[in-house]
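Undergrad: Turn this into a structure:
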Amino acid sequence: MVDVVFLCIGCVVVLCVIQLLRLITADCDLVLQWASKFGKSPKRLRGKVVWVTGASSGIGESLVYELASVGCRLVLSARREEELNRVKKQCLTCGPLQDNDIMVVPLDMVKQHEHADAVKKVLQHFKQIDILVNNAGRSQRAEWVKTSVVVDREMLETNVLGPLSLTKAVLPDMIARRDGHIVVMSSVAGKVGGLLPGSYTGTKYALHGWFERLRIEQYSDNINVTMVCPGPVYSNLLAIAMTEEKGKVVGGEMDAGEKRMATSRCASLTAVAIANQLDEVWISFHPVLAYTYVYQYLPSIARSQACKRGIFQFRKSREGQ
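TA: Residues are numbered from 1 along each chain as shown. Below you'll find the model as predicted:
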């Protein structure tokens, strides 16, 4: 009997060590880690019509290459049509797609009156929309007290109301077919308060509130919602990141020496999350991933330490998601 008890204790210890090692070496949450190794492959998305906004650069661009490689039919949207055409050309070299399998739809998320017409064009071409990836958005670098309410409003229009508008335009088709998947590119800043400036963080928190409710309401219609929360990645976000003044941008570049994830790795993990229809995923290196766990499970301690130690103190030179 004693031997059995010691054996059980030993197994528990081994499992705890393995789990700890997984946490220490991880670049995503444990559920996504499991799905990437043992879950469904993104190859199961072959033939699906996937609409990706913000597809002309950054995570969005890398994601469409990932989806093209497994044979998804694609709708590419962003404001710059010439960049979308460049991305489309590259997609055609990534996988078994023909020109007619990729549709370029220039779209400004702020111009919500154009969203319904854009959806009509896509439905006329592909007859259905299986997955909508709300990836388009802007970052911001400014102190809370110095940021104009005009900037706050513009950030909300771009990062929140734009995705809401497009999703509302897409949903009727999904509901009619009782099949659909809405993917929202949030940020760990939408989980860890104070990680980045207020306007950006606020918009990411808002996305969680709105789309978590959508998940509940549309569950019976078989509409899935996936919230993707990346940490720091290498991208061109700083070039157009807003500041505290309307019309003013940071216009900088990310430091190659910073600890950031490549957009290709973030896109690969995002594709796994989509294929497995995971509710929420965190994609980041440590220490940001560790902060996310602490904020999720020990919120009072996390907030106290963040304030006392100035862990997320605003610095104009420091960039994030």
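Undergrad: how far away is the residue nearest to Leu63 when sequence neighbours are not counted from Glu83?
TA: Nearest in space to Leu63, with sequence neighbours left out and distances taken as C-beta to C-beta, 6 or more residues apart in numbering, is Ala267 at 4.1 Å. Bear in mind the C-beta positions are built from the backbone N, C-alpha and C, glycine included. Computed as C-beta to C-beta, to the nearest Å, the Ala267 to Glu83 distance reads 17 Å.
Undergrad: One more: Leu156?
TA: 25 Å.
Undergrad: Likewise for Glu66?
TA: 18 Å.
Undergrad: So between those two, which is more surrounded?
TA: A count of neighbours by other C-beta atoms under 10 Å puts Glu66 above the other of Glu66 and Glu83, at 23 against 17.
Undergrad: So that one sits against Leu269, correct?
TA: No - taking contacts as C-beta atoms under 8 Å, Glu66 lies outside contact range of Leu269: 9.6 Å.
Undergrad: need the helices for this protein, in chain order.
TA: 2-25, 30-38, 58-69, 81-91, 115-126, 149-156, 162-177, 198-217, 237-240, 263-275, 288-297, 299-309 (DSSP state H).
Undergrad: Kindly state which of these is positioned closest to Val228.
TA: helix 263-275 (5.3 Å; C-beta to C-beta).
Undergrad: So what's the residue count around the closest residue in space to Ala206 that isn't next to it in sequence?
TA: Spatial nearest neighbour of Ala206, chain neighbours left out: Val160 (4.8 Å); criterion: C-beta to C-beta, 6+ apart. Val160: 22 surrounding residues under other C-beta under 10 Å.
Undergrad: ok, now Asn100?
TA: When counting by other C-beta under 10 Å, one arrives at 9 neighbours for Asn100.
Undergrad: again with Gly194
TA: Gly194 has 18 neighbours, counted by other C-beta under 10 Å.
Undergrad: so what's it up against?
TA: Residues in contact with Gly194 (C-beta atoms under 8 Å, 6 or more residues apart in numbering) are 201, 303, 306, 312.
Undergrad: which residues does the first one contact?
TA: Listed by C-beta under 8 Å, 6+ apart, the contact set of Thr201 reads 189-190, 193-195.
Undergrad: circling back: can you flag the buried ones in the contacts of Gly194?
TA: Neighbour-count burial (16 or more other C-beta atoms under 10 Å) is assigned, among the contacts of Gly194, to 201, 306, 312.
Undergrad: Including pLDDT, could those residues go into a markdown table?
TA: Below are the buried ones among the contacts of Gly194 laid out as a markdown table (pLDDT from 0 to 100):
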| residue | pLDDT |
| --- | --- |
| Thr201 | 92 |
| Ala306 | 78 |
| Phe312 | 71 |
